[in-house]
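*Asks:* Here is my input, please return the structure:
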Amino acid sequence: YADMLKELEESAAALGSGTSGFGAADVMFQGDQAKWKRLANSLMLRLGFRLIKVDAAGSEAWVTKAITGGVMQSNDDTFFFPHDSNNRNGNSEAFDADGNQHMSKTFIDWLKASSDPRLPILARRKTDGSTNPADLKGLPNGLDSNTLLGATGEIDRNVFAEPNLATIGKMNAPMFFQTYAEVELLLAEANVRWGLSGSAETHYNKGVTAAMKMLAMYGDGAVIADADITDYLANNPYDAGNALEQINNQYWAATFLNEYETFANWRRTGFPVLVPINYPGNITNGTIPRRLRYSETEQSNNAENYAAAIAAQGPDEFTTRVWWDK
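*Replies:* You can find the predicted model right below:
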């Protein structure tokens, strides 16, 4: 992490403001060096926050440096990969190949509780494709075919919501790696924690707005009207007394389908508050995993370095926390 932060700082300093020679061959930003510079600082912002549990002072210093350097300014700065029929979206290919994914009750209930206009864009009912919020219910975690009926009253799991394949599941859907919405929500948190960067409420509202408006990149069927966003913010206003949870719950929604970042931010903040599943025979005794285990081939083919890693970080278990997840 120290070296990654150093590389980001050096890269941001080295970048100019004109168009590079890569031009259109740069499929992310078409050679726009100013956007790459803002990305470097935005990634620095993300990584700086990742240190919050183990080095609060260092975290604040890196976050401050990122903000001073200049981070993303609009959805035009969002870092994503554009897919097409020749280079298809990996999430969509997985949805298509499996055909058996369902949306979690935890997420669906959270969206429904606030009448979130993102719900019909992200989910649809598997049986008939309905996106009417009244028709959408999430599948509870931790059930199998033997316990589904008793827990839900349903014997057919196809009545539960699945990812909306007409929007986020299209093969040419963009793949998001870091978004302007995430940056604004991190800026809101920076203000709550350290008084940095203006108004937490302003950044929160900008973050939620950006998260909803960027969905338009999935196509016309994913456009959320400005009036609907305004109504959502009016009905779910920023709450200074519950700011960190509110901000990071929105970060959870904004990073949907970027599971690596969602998992990392949950470990960093503890939000959203999740209820562990204690499925019979599970190997963590009902504890939510904090990391992945190394593969067996790593253990056999790279034994010396595997042993060194275990000595440094602790047992190779799902519940062993990575170094920054104190």
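*Asks:* use CA for all of it now, contacts and neighbours both
*Replies:* Fine.
*Asks:* Which residue, other than its chain neighbours, is closest to the residue nearest the centre of the chain?
*Replies:* Residue closest to the mean C-alpha point of the chain, counted by Cα atoms, centre = their mean, is Thr255 at 2.2 Å. Leaving aside its sequence neighbours, Thr255 sits nearest to Thr262 (Cα to Cα, 6 or more residues apart in numbering; 5.9 Å).
*Asks:* Phi first, then psi, for Glu162.
*Replies:* The phi/psi pair for Glu162 (degrees, to the nearest 10) reads phi -120, psi 170.
*Asks:* Correction: the previous question concerned Met44.
*Replies:* Dihedral angles (degrees, to the nearest 10) for Met44: phi -60, psi -40.
*Asks:* That one: neighbour count?
*Replies:* By other Cα atoms under 10 Å, 27 other residues sit near Met44.
*Asks:* Please tell me how far it sits from Asp116.
*Replies:* In this view, Met44 and Asp116 are 30 Å apart by Cα to Cα, to the nearest Å.
*Asks:* Could you do Ile155 as well?
*Replies:* Ile155 is 28 Å from Asp116, where distance means Cα to Cα.
*Asks:* ok, now Tyr204?
*Replies:* The value you get for Tyr204 to Asp116, if Cα to Cα is used, is 15 Å.
*Asks:* Can you list the residue ranges for helices in this structure?
*Replies:* Listed in chain order, the helices of the chain (DSSP state H) span 2-14, 33-50, 56-69, 90-98, 105-113, 119-122, 148-152, 180-194, 200-213, 226-235, 243-254, 259-269, 296-301, 303-313.
*Asks:* weakest of those by average pLDDT?
*Replies:* Sorting the helices of the chain by mean pLDDT places helix 148-152 lowest, at a mean of 88.
*Asks:* before we move on, back to that, select, out of the helices of the chain, the one closest to Lys170.
*Replies:* helix 90-98 (6.0 Å; Cα to Cα).
*Asks:* For the closest one, which residues meet the burial criterion?
*Replies:* 90-92, 95 (16 or more other Cα atoms under 10 Å).
*Asks:* you'd agree Ala188 is up against Lys206?
*Replies:* No - with contact defined as Cα atoms under 8 Å, Ala188 and Lys206 do not form a contacting pair (9.4 Å).
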